[in-house]
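Q: here are the coordinates; sequence isn't available:
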């Protein structure tokens, strides 16, 4: 299921639909992107959850896609879900982005992967 939801509508959408395995959080405002990621994290893991084992953040210019996908493939520890956030994804080279496509077509059911960027390049296959 693919849908576009504004950041202010996200909590209501999550309450209606539940948590999905993939999200793209895109926009110019850092604050709104961070609020959206926080809402997704709370919905997936619970608002007061100790997320140390089940919450990981990666940055597009500091890691490889393989690291992100390996983390997303892991099962959660003492929880139903894990959350993997991949920030600055717009800095990812095109050939690296292609590696995300296979995960997008068959995501891990117990992981919520949140891809975060200012703007995604629509010319790339994986965006």
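A: Happy to help now that I have it. Small disclaimer: the values here were computed from a predicted structure and weren't measured. Numbers count the residues shown, from 1 in each chain.

Q: Where does the residue nearest the centre of the chain sit, in terms of helix or strand?
A: Centroid-nearest residue in the chain: residue 114, 0.5 Å away (criterion: CA atoms, centre = their mean). Here residue 114 sits within strand 111-117, counting by DSSP states H and E.

Q: Same question for residue 76.
A: With DSSP H and E as the criterion, residue 76 is inside neither a helix nor a strand.

Q: ok, it touching residue 110?
A: Yes. Residue 76 is in contact with residue 110 according to CB atoms under 8 Å; the separation is 5.5 Å. From N, CA and C alone the C-beta is placed, and that goes for glycine too.

Q: what do those two both touch?
A: residue 82 (CB atoms under 8 Å, 6 or more residues apart in numbering).

Q: Might one say that the residue nearest to the centre of the chain is in contact with residue 82?
A: No. Applying CB under 8 Å, one finds residue 114 not in contact with residue 82, separated by 11.3 Å.

Q: ok, back up a step: and the strand holding residue 114, which strands flank it?
A: strand 22-26 (parallel), strand 82-87 (parallel) (DSSP bridges).

Q: where are the low-confidence patches of the chain?
A: 1-5, 7-8, 48-51, 121-127 (pLDDT under 70).

Q: Going along the chain, name the helices of it.
A: Taking DSSP state H as the criterion, the chain carries its helices at 10-17, 30-45, 65-73, 94-105.

Q: Which residues does the strand holding residue 114 contact?
A: 19-26, 33, 37, 40-41, 44, 60, 68, 72-74, 76, 81-90, 100, 103, 107.

Q: try stretch 61-81
A: Contacts of stretch 61-81 (CB under 8 Å, 6+ apart): 19, 44-45, 49, 53-54, 56, 58, 82, 84, 86, 88, 91-92, 96-97, 99-100, 103, 107-108, 110-113.

Q: Buried only: go through these for me.
A: The neighbour count (16 or more other CB atoms under 10 Å) marks 19, 44-45, 49, 54, 56, 58, 82, 84, 86, 92, 96-97, 100, 103, 107-108, 110-113 as buried among the contacts of stretch 61-81.

Q: still on that earlier bit, buried subset of the contacts of strand 111-117, written for PyMOL?
A: Only the buried entries of these go into this PyMOL selection, using 16+ other CB under 10 Å:
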select buried, resi 19+20+21+22+23+24+25+26+33+37+40+41+44+60+68+72+76+81+82+83+84+85+86+87+89+90+100+103+107
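
Q: This completes my enquiry, with thanks.
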